Structure formats: C-alpha cells, structure tokens
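> Any chance you can model this:
(4 chains)
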There are 2 protein chains.
Amino acid sequence: MNLDTAINKMKSKGYKHTKQRERILEIFSRQDQYIAAKTILKEIQKDFPGVSFDTVYRNLYLLADEEILESTDLDGEKHFRFHCDTHGHHHHFICTDCGKTKAVEFCPMEKIESSLSGYAIDNHKFEIYGKCPQCQT
Amino acid sequence: MNLDTAINKMKSKGYKHTKQRERILEIFSRQDQYIAAKTILKEIQKDFPGVSFDTVYRNLYLLADEEILESTDLDGEKHFRFHCDTHGHHHHFICTDCGKTKAVEFCPMEKIESSLSGYAIDNHKFEIYGKCPQCQT
DNA sequence: AGATTAATCGTAATCATTATCATTTAAAGA
DNA sequence: TCTTTAAATGATAATGATTACGATTAATCT
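Next comes the predicted model:
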C-alpha cells in the first residue's frame, strides 16, 4: 500500500478527497510504524491549526474500516499504521522505543485450532515487543 | 492460585491485609475470566459504598506487579484476571461475549525467534478472541 | 454555477484512569 | 493491651484520550 493507492481506494469508495485526510495518509505513508492517534493529531495541527479532534479520530477509524490503516492498542492508546498488503497475513514485532515494526510471517493460529474445537474464533492478536537493533544501547 | 495462596503471598511480602483488598481478591478467585477495572470498582462499591477509585486501581496494579493477577488491554480498558500458575507459560482464548477464558498451551515465540535475530525481545502478546461453546447461538 | 451531501469545525461531554493529601487502620513492638 | 508507624484508604480534583453534536464549510455532481 502506498499513498496513491490509498487515495484512489478512498475515491473509488465514494469518499471525498480532503486536504486533512490526505495529510493523514501522507504521514502514515512515510512511516513503517504504529503511531498514536494523539500523535497524528499533533502532527496535523502543524498544517491545519484549527483541525478538530473529531476530524482526526473519525478519519483514523474510517481508514481502518476501509483497511487502509490497521490499528492496535498499545499502552491503552489506539495506534495506527499503514496496512501492509504486499505480503499475506502476518504479525509484527514492535519496538517499544522508536515504534518501528518488523513483519513476522509466522502465524500461530493453525497450530492451535485443534485445541479449540467448539470455540468460534473471530480474530486474534499476536505481537512481539522489544528493542529493534537501532534502539539497543 | 487460589484465594488463600494469594492472601498469604501478599502477607509474606509485607503488605497489610485489608477488607477491601481481600474483597478484590475474592472476586477474582471466583471467576476464570478477565474483568474490567471499572467492573471491579462497581462490585466493590456494593460492599464498600465509599471505596475510592484509587484504592481499587492501586490494588489492581499492585496485585498485577506481584503476579497474583495478570492483565491485558481489551477495548482500550485494562482487564485483570487471577494469575494461573498451575501450568506453565501459556496464552488465552477470550470469549468476547461472557469474558470467560480458556488456556492455550502453545506459545509461538520459539517458532519466530530465529527471524528476529538482532532484536531484543522483551515480551509478547498472543490472544485469541471469539465465542466460547456456551455463547454461540 | 448551483445543489447536494459528505466532511469539518468548535466546543462540550464522557469515560477511564491517575494524582494528591489528609485521615484512618493494620500490624509490630513495648 | 497500648503505642507507634508506616501502609492503606477516602474524598476529591485533575488529566488525558476519546466521543458527540449542531452549525458551517467544501468537495463533487449535474
């Protein structure tokens, strides 16, 4: 997923193209990491001083619904990142210092499904936390 | 882990035995599920109408630090459950209807460590969400 | 350009959580 | 048992993230 793809996807879905929304997407397109909603808000405010909380949060959730972003809870705050669809289903290592992520291709679900017969599995979360090579002392 | 074990552990650590703290532990000892902090607060208030938020939250975090409870973020809220130490390291299926959990013995970490050489892994989260047999229509 | 409708703004409200500090109480020793 | 003392609690306020909403603006269509 890149910026143009994301913009086109929104357009094809009938959403309007706004400066604020483009700026949000632009921020994510430059970063391979999860970013807190409030961080995005602060960033957008540099370009659009009067931007509303509502605009930012509404867009983040909309973009996540449209699978342009993906989200996770970190430290009780919603974080978002560009959806990576270049490879298949995967998980992430997340650096607790800089926030950068590394894709982990292995998914444990197939290993455990047999132990959950009778349970209806809707989704799952597998994340690894630590320090990336650059953030180790 | 059971109620008496938990109480003794707190005592041996030098913490005082209070009615409020015992009540918190008692609630958890009856439930094999994650419970939201605010749910605990409401429950405690039935017995101790004037109980402070602080008391509840402080105790939950203290008990989690002492590994008497374990915690996770669900829907942006902290949830806690009795720490299960009858078996080794494991993960949980969590029913999104009733909140009950089922232990999943498989841990994916050993499968992926080789793909994260150079990364310092601190911890990880693996949770499966869905409906338990009792909560399916 | 005008109409339509989504999107935004401005602001307030909500909700969970954290902080502060005076007071109370449990537990250890005299 | 009485005293001490440090931990724990209560009452309340503050914070921080998120959500809500009516009025206004702006993007797209004809």
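> A:Lys38 reaches A:Asp75, doesn't it?
No: contact criterion C-beta atoms under 8 Å: A:Lys38 and A:Asp75 do not qualify, at 11.5 Å. All C-beta atoms are positioned from the backbone trio N, CA, C, and that covers glycine.
> who's more crowded, those two?
Using other C-beta atoms under 10 Å in any protein chain shown as the criterion, A:Lys38 and A:Asp75 rank with A:Lys38 on top: 14 against 8.
> is it fair to say that one lies in a helix?
Yes: under DSSP: H, G, I helix; E, B strand; the rest coil, A:Lys38 sits within a helix.
> tell me the contacts of A:Ala64?
For A:Ala64, the contact set (C-beta atoms under 8 Å, 6 or more residues apart in numbering or on different chains) comprises A:70-71, A:80.
> Of those - the most surrounded one?
That'd be A:Phe80 among the contacts of A:Ala64, by other C-beta under 10 Å, with 25 neighbours.
> didn't it look like it was pressed against A:Phe28?
Yes: in this structure, A:Phe80 is within contact of A:Phe28 by C-beta under 8 Å, at 7.0 Å.
> Mind listing the shared neighbours of the two?
With contacts defined as C-beta under 8 Å, 6+ apart, the residues shared by A:Phe80 and A:Phe28 are A:35, A:69.
> Tell me the secondary structure of the residue in chain A sticking out farthest from the centre, please.
What lies farthest from the middle of chain A is A:Gly118; by C-alpha atoms, centre = their mean that is 31.5 Å. Secondary structure, three-state DSSP: A:Gly118 is coil.
> A:Gly130: which element?
Secondary-structure assignment from DSSP states H and E places A:Gly130 in strand A:120-131.
> per-residue confidence for the residue of chain A found nearest chain B?
Relative to chain B, the nearest point of chain A is A:Pro108 (3.6 Å; C-beta to the nearest C-beta). pLDDT for A:Pro108: 95.
> The host helix or strand of A:Leu62 and DNA strand D in contact?
Assigning secondary structure by DSSP H and E places A:Leu62 in helix A:53-65. Yes: Helix A:53-65 lies within reach of DNA strand D by C-beta under 7 Å from any atom of the strand, at A:53-54, A:57, A:61.
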